[in-house]
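**Q** Prediction below, plus the sequence it came from.
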Amino acid sequence: MNELLKLEISGPVVMIIAGVIGVGFFLLLFLRPSARWARTAITAIVVAGLFGWLTVWLVEDVMDVFHVGLTPRVWFWAISCFAAVSLAVVSFRHSQRWRKVVAALSIPVFVVVAGLGINTEFGLNKTLGSALGISTEDAIQLAKPDPDAPVPAGPLWQSWKPPADQPAKGEAGTQVIPATASGFVARPAGIYLPPAALTAHPPKLPLFVLMMGQPGLPDPQYVSAALDEFAARNNGLAPIAIVADQIGPDQNDTLCLDTAKYGNVEKYINQDVVNWAKANLNILEDREHWTIAGYSNGGQCAISFAVKYPQMWGNVVDISGEEFPGAEDPAGNLASIFDGNQAAYDAQKPINNMKGKQFPNTTAVFTVGSDDTTYVAAAKAVSAAARDAGMTVTYYEVPNGGHVGLALNAGLTKGFDVLYPRLGLSK
């Protein structure tokens with residue numbers, strides 16, 4: 001079963017195969033057409049295509065279901081699905097048995113192909129398991145940290161010489177982080193150990209804590225892919241990464257706060273995860289080497305924690321983050337979380353928390369897709385407030401990034417470009 005869940009469902013090879021199958025079924029339904037059938041089929045395709053366009057427009061622009069703009073390719077796949085399924089449906093009327101059989105088989109094929117196309121465009125669910133919200137990562141084995149391991153006197157890149165036993169790539173897996181202080185019910189965290197951490201005598205390394213979006217999985221595949229590339233260029237050096245679960249198994253927007261409704265999420269990340277990291281990972285423990293990061297929902301959490309706990313987090317990477325907790329439904333959160341107390345809600349907003357304060361030794365990276373309109377506005381507002389509060393700020397827009405996998409991957413890359421010298425991992 002686990003091997004099935006690891007099945008790749010995105011990428012060019014998958015989409016070429018799926019596309020050929022989909023087109024094949026589409027053409028089969030046009031075999032040996034009469035003039036009447038051709039008119040019926042073309043009418044069905046055009047009408048259903050227009051209905052599909054209207055549906056996507058209502059979902060995106062009127063109802064704002066996803067809170068982000070959909071790319072032209074998502075529109076294409078959705079409209080094509082409507083048109084193709086409509087062709088299959090009309091194929092049942094006044095047709096021979098073989099055409100009815102092909103039509104029955106083609107409906108799930110058209111739906112699956114369109115679903116794969118949309119999933120590939122978003123670029124976040126690479127396997128069947130991730131699409132179903134099921135982690136396919138195995139538990140990772142951790143060596144006991146060496147309390148006597150030397151702390152480098154200067155940047156680590158100057159003193160680290162990769163030994164012969166250093167592997168070419170890091171390892172990724174999961175670990176259960178007990179909610180000892182918070183009691184928050186979290187899914188197993190993703191863990192990434194870079195090549196240098198897998199040697200017989202590993203150096204102490206920086207800590208990078210990442211939180212993903214909502215809905216989403218604490219999946220280490222994105223950060224591990226990015227860090228393996230950086231490690232390959234820097235003698236195997238990279239931060240040790242934890243992908244922590246801030247939304248829980250029900251995938252709620254917990255606002256990354258301690259609340260009666262969702263539990264003590266803030267305490268879980270900043271106490272339980274941190275204490276576990278100190279006890280179980282071979283990490284440097286000064287704030288300059290610690291980074292809190294997040295994507296989308298997690299990006300908001302990251303900047304909020306960086307502002308609330310500046311003595312802990314010396315660096316923050318906010319990738320396509322919301323402007324404040326619960327920004328997708330402020331009225332609902334005001335009522336359900338803050339009992340209508342607007343002042344209490346405003347007190348949790350990062351921009352407000354930065355007013356009148358200075359963070360002179362905090363490095364902050366804000367990235368966002370250039371055509372992700374809502375989140376561009378949020379990133380500009382929060383990054384400007386961070387700059388006014390004395391942080392060393394980098395703001396970067398991913399060209400045509402949207403709010404999908406491209407924005408996440410490019411955001412991680414930009415974040416590590418900025419952080420590697422700060423963390424002592426490169427010149």
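**A** Thanks, I have the structure now.

**Q** Which parts of the stretch 151-300 of the chain are helices?
**A** 156-159, 221-233, 265-267, 274-280, 297-308 (DSSP state H, counting those that start in this stretch).

**Q** same question for the longest helix that the chain contains, mean pLDDT?
**A** As assigned by DSSP state H, the longest helix anywhere in the chain is helix 97-122. For helix 97-122, mean pLDDT is 83.

**Q** which parts of that helix are buried?
**A** Residues of helix 97-122 classed as buried: 99, 102-103, 106-107, 109-110, 113-122 (neighbour count, 16 or more other Cβ atoms under 10 Å). The C-beta positions use only the backbone N, C-alpha and C, and glycine is treated the same way.

**Q** Which other helices and strands does it contact?
**A** For helix 97-122, the elements it packs on are helix 12-28, helix 72-90, judged by 3 or more Cβ pairs under 8 Å, 6 or more residues apart in numbering; DSSP states H and E.

**Q** For the longest one, which helices and strands make contact with it?
**A** Taking 3+ Cβ pairs under 8 Å, 6+ apart as contact, the helices and strands that helix 72-90 lies on are helix 12-28, helix 35-57, helix 97-122.

**Q** tell me the pLDDT at Ala386?
**A** 98.

**Q** Run a quick neighbour tally on the residue lying closest to Val56 once chain neighbours are set aside.
**A** Distances taken as Cβ to Cβ, 6 or more residues apart in numbering place Ala78 nearest to Val56, at 5.0 Å, with adjacent residues excluded. By other Cβ atoms under 10 Å, 21 other residues sit near Ala78.

**Q** so Ala78 sits right up against Glu121, yeah?
**A** No - assessed by Cβ atoms under 8 Å, Ala78 is found out of contact with Glu121, at 10.3 Å.

**Q** quick one: contacts for Phe359?
**A** Applying Cβ atoms under 8 Å, 6 or more residues apart in numbering to Phe359 gives the contacts Ala306, Val307, Pro310, Ala386, Ala389, Gly390, Met391.

**Q** Can you give me the distance of the fourth one to Ala44?
**A** Distance check for Ala386 against Ala44: by Cβ to Cβ, to the nearest Å, it reads 54 Å.

**Q** if you count what's nearby, which of these two comes out ahead?
**A** Remark: of Ala386 and Ala44, Ala386 carries more neighbours, 26 against 20, as counted by other Cβ under 10 Å.

**Q** I'd like the next helix or strand past the helix or strand where that one lies.
**A** Assigned by DSSP states H and E, Ala386 falls within helix 373-388. Following helix 373-388 in sequence order, the next helix or strand is strand 392-398 (DSSP H and E).

**Q** who touches the closest residue to Pro399 other than its chain neighbours in this structure?
**A** Spatial nearest neighbour of Pro399, excluding adjacent residues (Cβ to Cβ, 6+ apart): Ser370 at 5.5 Å. Ser370 makes contacts with Val376, Glu397, Val398, Pro399, Asn400, Gly401, as judged by Cβ under 8 Å, 6+ apart.

**Q** I'd like to know which of these is nearest to Asp417.
**A** Taking Cβ to Cβ as the measure, Val398 is the one of the contacts of Ser370 closest to Asp417, at 12.7 Å.

**Q** Thought Tyr192 was touching Thr174, still the case?
**A** No - counting by Cβ under 8 Å, Thr174 stays clear of Tyr192, with 10.6 Å between them.

**Q** what touches both of those two?
**A** Common contact partners of Thr174 and Tyr192 (Cβ under 8 Å, 6+ apart): Pro220.

**Q** Which one's more surrounded, the two?
**A** The neighbour count for Thr174 versus Tyr192, taken as other Cβ under 10 Å, is higher for Tyr192 (28 against 20).

**Q** Tell me which residues touch Pro178, please.
**A** Asp272, Trp276.

**Q** for Trp77, same thing?
**A** Residues in contact with Trp77 (Cβ under 8 Å, 6+ apart) are Ala114, Gly117, Ile118, Glu121.

**Q** at 7 Å what do you get?
**A** By Cβ atoms under 7 Å, 6 or more residues apart in numbering, Trp77 lies in contact with Ala114, Gly117, Ile118.

**Q** residue closest to the middle of the protein?
**A** Taking Cα atoms, centre = their mean, the centroid of the chain lies closest to Met212, which sits 4.5 Å from it.

**Q** what pLDDT does that one get?
**A** Here, the pLDDT recorded for Met212 equals 95.

**Q** isn't it right up against Tyr295?
**A** Yes - with contact defined as Cβ atoms under 7 Å, Met212 reaches Tyr295; the gap is 5.6 Å.

**Q** What ranges in this structure fall below the confidence cut-off?
**A** Residue ranges of the chain with pLDDT under 70: 1-11, 61, 64-69, 122-125, 127-136.

**Q** Repeat the analysis, applying 90 as the threshold.
**A** Residue ranges of the chain with pLDDT under 90: 1-49, 51-139, 141, 143-154, 214-217, 219, 251, 328-329, 370-374, 400-407.
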